[in-house]
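Undergrad: 3D, please:
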Amino acid sequence: MNDRLRRLIIVLVIIGLTAFGVQKLSEQGKLNFNFFKAPGTQIQNNETRTVVEEENAIIAVVDQTSPSVVAIGVTQRLVNPFNPLALPRTQQATIGTGFVASSEKGVIVTNRHVVSDTNTTYSVVTKDGTKLDIKSIYRDPTLDLAIVQVDPNNLKALELGDSQKLRVGQTAIAIGNALGRLDNTVTSGIVSGLGRSVSAGDPFSGTLETLDDLIQTDAAINPGNSGGPLLNSAGQVIGVNVATTEGAQNIGFAIPINKVKNIVDEFVRTGKISRPFLGIRYTLVTQDVGILNKVPQGAYVQEIVDGSPAQKAGINPGDIITKIDGADINAQNQVSEIIQKKKVGDSVSLEVWTDGNTKTIEAALQEAPNQ
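TA: Presented below is the predicted three-dimensional model:
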């Protein structure tokens, strides 16, 4: 065998061994050919993977929680305008949303303005179309909250989170019946702000009021969403959807769930809610607003409830309550929060500013009426 043939055989053997080794390494996953790909391919894959993971997380929350979100509606009688003598037909109209907070007692949380009319018969309909009979409705006099009690009927309660741990920028998911239909609508966004104040309710029905210490979110909240849950990425309720701001895009608000927990717990435990009640509607005068208007900071009284402790103590619309039991009234220490910590029958000392004069009066707290 000459030298040329010997060298050719050696080269072929080396090539064969190399090919065999490459094949084995590829099969074992130890060889990566990504260096042949464009530089941006890996980055794009990572971005796509992140988007898919975020979408899957929202889908999982919706699948988990939707069965516990209910529609709240009324039955309307529709008269044929072309034949007034014909029998009117009835139609179920959805006006708001609620969610199950206790499966054992059939407790559903919603907004007070959703079920504000005491002369109207309301109904609750689950996602699968089951209509539930309402046993009782409790309307909170100080927050835009209501508890609707129904027969449990195999309801599944949502897990209540901790709104004290909320951070601006975290995921927020709103579920409700935004289009007046019985099927749920889902929107998502982030927590845009905390501790916000807003006027909520229906100005045409006289239920407009100022709510404080709210969660702000850019998840779309429409009128039909009112009373529905605002959820975090773990599927826990962090707030109760309550309002949007007219003329502003992508701004919605929710009542922090920690304000709701005590109400739900007491109702589950006792079947009723006993809360101390001062009897005012107010808006907060901040220090800056006070300086501009030459008035002290505090709670500007807009309305007095007839027969309330505030009325009996001599408080009038236009007064500003600057202190309660010696504590200044401000954004961090509001009237509603102070009163909620008291008990029915407790007496509170109010420092009240009226037309440039300050006086101190006593008010004995009564049990809040079921409005």
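Undergrad: what bits of the stretch 51-200 of the chain have low per-residue confidence?
TA: Within the stretch 51-200 of the chain, the ranges that satisfy pLDDT under 70 run 51-52, 75-94, 141, 179-182, 199-200.
Undergrad: Note down every partner strand of the helix or strand hosting Tyr138 and its orientation.
TA: In this structure, Tyr138 sits in strand 134-139 according to DSSP states H and E. The sheet places strand 134-139 alongside strand 146-150 (antiparallel), with pairing taken from DSSP bridges.
Undergrad: quick check, distance from the strand it pairs with to the centre of its chain.
TA: When distances are taken as CA atoms, centre = their mean, to the nearest Å, strand 146-150 is centred 17 Å away from the chain's centroid.
Undergrad: Over to stretch 107-124?
TA: Per CA atoms, centre = their mean, the displacement of stretch 107-124 from the mean C-alpha position of its chain is 17 Å.
Undergrad: in that stretch, what counts as buried?
TA: For stretch 107-124, a neighbour-count test (16 or more other CB atoms under 10 Å) marks 107-116, 122-124 as buried. Where you see a C-beta, it was placed from the backbone N, CA and C, and this is true even at glycine.
Undergrad: Among those residues, name the ones in strands.
TA: In this view, the buried residues of stretch 107-124 that belong to strands under DSSP state E are Val107, Ile108, Val109, Thr110, Tyr122, Ser123, Val124.
Undergrad: list the buried ones in the strand holding Tyr138?
TA: Buried residues in strand 134-139, counted by 16+ other CB under 10 Å: Ile134, Ile137, Tyr138, Arg139.
Undergrad: secondary structure element for the closest residue in space to Ser336 that isn't next to it in sequence?
TA: Computed as CB to CB, 6 or more residues apart in numbering, the closest residue to Ser336 that is not its neighbour in sequence is Thr142, at 5.2 Å. Counting by DSSP H and E, no helix or strand carries Thr142.
Undergrad: quick one on the thing from earlier: between the buried residues of strand 134-139, which is nearest Asn177?
TA: Distance from Asn177 was checked for each of those by CB to CB. The minimum falls on Ile134, at 16.8 Å.
Undergrad: What separation is there between that closest one and Val125?
TA: For Ile134, the distance to Val125 under the criterion CB to CB, to the nearest Å works out to 11 Å.
Undergrad: again, but for Lys343
TA: 38 Å.
Undergrad: Which of these two has more residues huddled nearby?
TA: Just comparing Lys343 and Val125: by other CB atoms under 10 Å the higher neighbour count belongs to Val125, 17 against 10.
Undergrad: List the beta-bridge partners for the residue nearest to that one when sequence neighbours are not counted.
TA: Counting by CB to CB, 6+ apart, the nearest residue to Val125 once its immediate chain neighbours are dropped is Ala71, at 4.6 Å. For Ala71, the residues forming beta bridges with it (DSSP bridges) are Thr97, Val125.
Undergrad: Quick check: Ala71 touching Val124?
TA: Yes: taking CB atoms under 8 Å as the definition, Ala71 is a contact partner of Val124 at 7.3 Å.
Undergrad: Give the residues shared as contacts by the two.
TA: Gly98 (CB atoms under 8 Å, 6 or more residues apart in numbering).
Undergrad: What about Val264, how many residues nearby?
TA: Summarising burial for Val264: neighbours were counted as other CB under 10 Å, giving 20.
Undergrad: Rounded mean pLDDT for the helix or strand encompassing it, please.
TA: Assignment of secondary structure by DSSP H and E places Val264 within helix 258-270. Across helix 258-270, the average pLDDT comes to 89.
Undergrad: so what does the next helix or strand after that helix touch, helix or strand wise?
TA: Toward the C-terminal end, the helix or strand that comes next after helix 258-270 (DSSP H and E) is strand 276-277. Using 3 or more CB pairs under 8 Å, 6 or more residues apart in numbering; DSSP states H and E as the contact definition, the elements that strand 276-277 packs against are helix 335-340, strand 366-367.
Undergrad: let's see 10 Å
TA: Contacts defined by 3 or more CB pairs under 10 Å, 6 or more residues apart in numbering; DSSP states H and E place strand 276-277 against helix 309-313, helix 335-340, strand 366-367.
Undergrad: domain assignment for the chain?
TA: The record assigns the chain these domain ranges, following automatic domain parsing: 43-79+90-273, 276-367.
Undergrad: Just the pLDDT for Thr322.
TA: Checking the pLDDT column for Thr322, the value is 92.
Undergrad: Can you show me the CA trace of the helix or strand harbouring it as CSV?
TA: Take DSSP H and E as the rule and Thr322 turns out to sit in strand 320-324. This file holds the C-alpha atoms of strand 320-324, laid out as CSV (Å, rounded to 0.1, in the frame of the first residue of the first chain):
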residue,chain,number,x,y,z
ILE,A,320,-65.6,71.4,59.1
ILE,A,321,-64.7,68.7,61.6
THR,A,322,-61.0,69.3,62.3
LYS,A,323,-60.4,66.8,65.2
ILE,A,324,-62.0,63.7,66.8
